[in-house]
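**Q** next come a sequence and a model predicted from it.
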Amino acid sequence: MPSKLNSEFNYRTQVIGETPWEKIKTLLGFLEGRKCAKAMQEVSALRQEAAKEKLEYLKRTSNIRHEILELEANLLEAASGIEISKQAFKLNLEEIEILEKLLAELYVIAEPTRIKGYTDEQMFEANAVNEFTVWCAREMQAEILAQGRPSSARIRNAMSSPQTWAALQEIGLIPKGTPILESNNLSEIRLIPRSPNGDIVLVENNAT
């Protein structure tokens, strides 16, 4: 029985993406797939029509019975699933409408944040750190609710991005002023304090 790939609820709540730009990126991928499926369904219909025309032509102009029988068998096989194909085509069109509606809603939210002159693809890249930060924050919040503290793995994830590390301190998921352990290419290890925007904070050494 044909069914939609995803329901509107799933597209709204379950697709990959914590931020509007990332959700747009994901939904555009789904929409491309649904439009490709629409094109393939139209191609299939044209091929069936061509097969019917060829069959009629062979019946009128030749006695090549094996080709006539083969075409008749192919058309009968296709006809057996015609109702299922029609239903699948209808559901696919409905899914395209859902995706286009959701994308329009997301663009209303995302457009005010577009950097002047940036394409969608450039905005996806520019938004990557925001997406990662929100993902880390939600994962840590879920872990705190479930087990009382964030996991070491999730804290390690956050350490990979100075902007994320600073943002999580700002909202209180990580104690403010917590430095990141870093090393240079000479294997020198040190703790690096970060400002709220992720910049290194230089600490003066007053020792004499």
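**A** Received, thanks.
**Q** for the protein, just list every one of the helices.
**A** Assigned by DSSP state H, the helices in the chain fall at 8-13, 20-61, 65-80, 82-110, 120-126, 128-147, 152-159, 162-170.
**Q** Met159: what's it in contact with?
**A** 165, 180-181 (Cβ atoms under 8 Å, 6 or more residues apart in numbering). Every residue, glycine included, has its C-beta placed from N, CA and C.
**Q** if we use 7 Å, what do you get?
**A** 165, 180 (Cβ atoms under 7 Å, 6 or more residues apart in numbering).
**Q** same question for Ile115.
**A** Counted by Cβ under 7 Å, 6+ apart, Ile115 has contacts 123, 126.
**Q** in this structure, which residue is closest to the centre?
**A** When the chain is reduced to its mean C-alpha position, the nearest residue by Cα atoms, centre = their mean turns out to be Thr26, at 2.2 Å.
**Q** burial-wise, tell me which of the helices of the chain comes out on top.
**A** Neighbour counts (mean count of other Cβ atoms under 10 Å) averaged over each of the helices of the chain peak at helix 162-170, with a mean of 19.
**Q** quick one: that helix to chain centroid distance?
**A** With Cα atoms, centre = their mean, to the nearest Å as the basis, helix 162-170 stands 25 Å off its chain's centre.
**Q** now do stretch 154-168
**A** 22 Å.
**Q** equivalent analysis for stretch 77-97, please.
**A** For stretch 77-97, the distance to the chain centre is 25 Å (Cα atoms, centre = their mean).
**Q** weakest of the helices of the chain by average pLDDT?
**A** The minimum mean pLDDT among these belongs to helix 65-80 (a mean of 77).
**Q** was I right about the residue nearest to the centre of the chain contacting Gln14?
**A** No - the pair Thr26 / Gln14 is not scored as a contact, 10.2 Å apart, by Cβ atoms under 7 Å.
**Q** just to revisit the earlier point, need the helices of the chain in JSON lines with distance to Lys176, can you?
**A** Below are these laid out as JSON lines (distance: least, Cβ to Cβ, whole Å):
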{"stretch": "helix 8-13", "distance to Lys176": "32"}
{"stretch": "helix 20-61", "distance to Lys176": "27"}
{"stretch": "helix 65-80", "distance to Lys176": "67"}
{"stretch": "helix 82-110", "distance to Lys176": "30"}
{"stretch": "helix 120-126", "distance to Lys176": "27"}
{"stretch": "helix 128-147", "distance to Lys176": "15"}
{"stretch": "helix 152-159", "distance to Lys176": "14"}
{"stretch": "helix 162-170", "distance to Lys176": "5"}
